[in-house]
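Participant: next comes the sequence, and after it the predicted model I'd like to discuss.
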Amino acid sequence: MQPERPNLLNKTVHKLYIGCMVVIVIAVTLYLSYVGYSYYHTPLEERFYHPQHDWFKPSGAFGQGLGIFGTLMIVFGVSIYIARKRYNFMSKYLRLKYLLEFHIFLCTLGPILVLFHTAFKFGGIVSVAFWSMVAVVASGVIGRFIYIQIPRTIEGRELSLQEVKGMKLDLPKTLQEQYQLSEANIQLFVNFTQAEQAASSTSASKIKSILKSEGVAESNRKSIMDMLKRERSLSKKISRLNTMQRLFKYWHVAHLPFALIMLVILIIHVSVTLAFGYKWIF
């Protein structure tokens, strides 16, 4: 079955979706930095005398609230993604690629809230949890980069090498039948789309000049350039598909242990907090 290709509207919605989440993360970070600037820049030994110490300290109403909401974001972001990916939870309603972005959003914003919850005071087991969290976030960013290099359907299913190859056009035939280009130029254009020709002397500007010299209409020149760029992108994806699939498997080896360490220490931290009677506002 031919893989479904996302149209321009889907790509635009996806970019807006990601853009909104990035704006939220930046806005929240700037807001927390602004409201707590005075307290967070006070030396640790002097914070007890700060007029807002009871509000911003890790066990204060604001500080502990940040820790609770940040933790809930991380737990929910991880749980919903695992439930959808491994157990097909709500698979009819949740597209994996959008859920991955939401997972990254929650597991980026959540640690930021946790960071402000600590009031930038690290020590003992909390330090281990914090750096484990940093490692999880950093490896998550790397994992997303690897993830997007692997071609997928619009639902997020990973495509096989054969399926990706099936997406390529019969370029010489298409250029000949639809645009009546010369064989020499067709071969030049085909070479441009090959991954191994990426460093060749043929450039997009040169192709545009050739098309213009052959009297190809401007609208057709744009269509041809879009077609060539798409074919070139597919060639690159095919050439690195196996490598990216292997990297993605190895990536789990680094990402999962740090996530488990963070989870275990989080449970210990919450248990100790409750044992000492910190009930937040309830």
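Facilitator: Received it, and whenever you're ready, just let me know what you need. Residues are numbered from 1 along each chain as shown.

Participant: state the mean pLDDT of the longest helix belonging to the chain.
Facilitator: Across the chain, the longest stretch assigned as helix under DSSP state H is helix 218-275. In this model, helix 218-275 carries a mean pLDDT of 80.

Participant: give me the distance from that helix to the chain's centre.
Facilitator: Here the centre of helix 218-275 is set off from its chain's centre by 7 Å, with Cα atoms, centre = their mean, to the nearest Å.

Participant: are there helices or strands packed against it, and which ones?
Facilitator: On a contact count with 3 or more Cβ pairs under 8 Å, 6 or more residues apart in numbering; DSSP states H and E, helix 218-275 meets helix 61-87, helix 125-149, helix 161-166, helix 171-179, helix 183-193, helix 204-213. Yep, even glycine has a C-beta here, placed from its N, CA and C like the rest.

Participant: least reliable of the ones you listed going by mean pLDDT?
Facilitator: Among the helices and strands packed on helix 218-275, helix 161-166 scores lowest, at a mean of 67.

Participant: the domain parsing of the protein - what is it?
Facilitator: For the chain, the structural domains run 8-161+240-275, 166-237, going by automatic domain parsing.

Participant: next, format those domains as a markdown table and append mean neighbour count.
Facilitator: Output for those, formatted as a markdown table (neighbours: other Cβ atoms under 10 Å):
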| stretch | mean neighbour count |
| --- | --- |
| domain 8-161+240-275 | 15 |
| domain 166-237 | 14 |
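
Participant: hang on, the earlier thing: tell me the angle the longest helix of the chain makes with helix 171-179.
Facilitator: 130 degrees (axes from the mean of the first three to the mean of the last three Cα atoms, to 10 degrees).

Participant: just put the helices and strands packed on helix 218-275 in a markdown table and tack on distance to residue 253.
Facilitator: Shown next, in a markdown table, are the helices and strands packed on helix 218-275 (distance: least, Cβ to Cβ, whole Å):
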| stretch | distance to residue 253 |
| --- | --- |
| helix 61-87 | 17 |
| helix 125-149 | 10 |
| helix 161-166 | 23 |
| helix 171-179 | 39 |
| helix 183-193 | 35 |
| helix 204-213 | 39 |
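
Participant: which one of those helices lies nearest to residue 279?
Facilitator: Closest to residue 279 of those, according to Cβ to Cβ: helix 61-87, at 9.2 Å.

Participant: residue closest to the middle of the chain?
Facilitator: With distances taken as Cα atoms, centre = their mean, the residue of the chain nearest its centroid is residue 144 (4.3 Å).

Participant: for that residue, give me its contacts.
Facilitator: Contact partners of residue 144, counting by Cβ atoms under 8 Å, 6 or more residues apart in numbering, are 100, 104.

Participant: all numbers from here: first residue = 37
Facilitator: That works, and once the first residue is 37, the last one we named lands at residue 180.

Participant: still on that earlier bit, which stretch among the helices and strands packed on helix 254-311 comes nearest residue 271?
Facilitator: Between residue 271 and the helices and strands packed on helix 254-311, the tightest spacing by Cβ to Cβ is seen for helix 219-229, at 5.6 Å.
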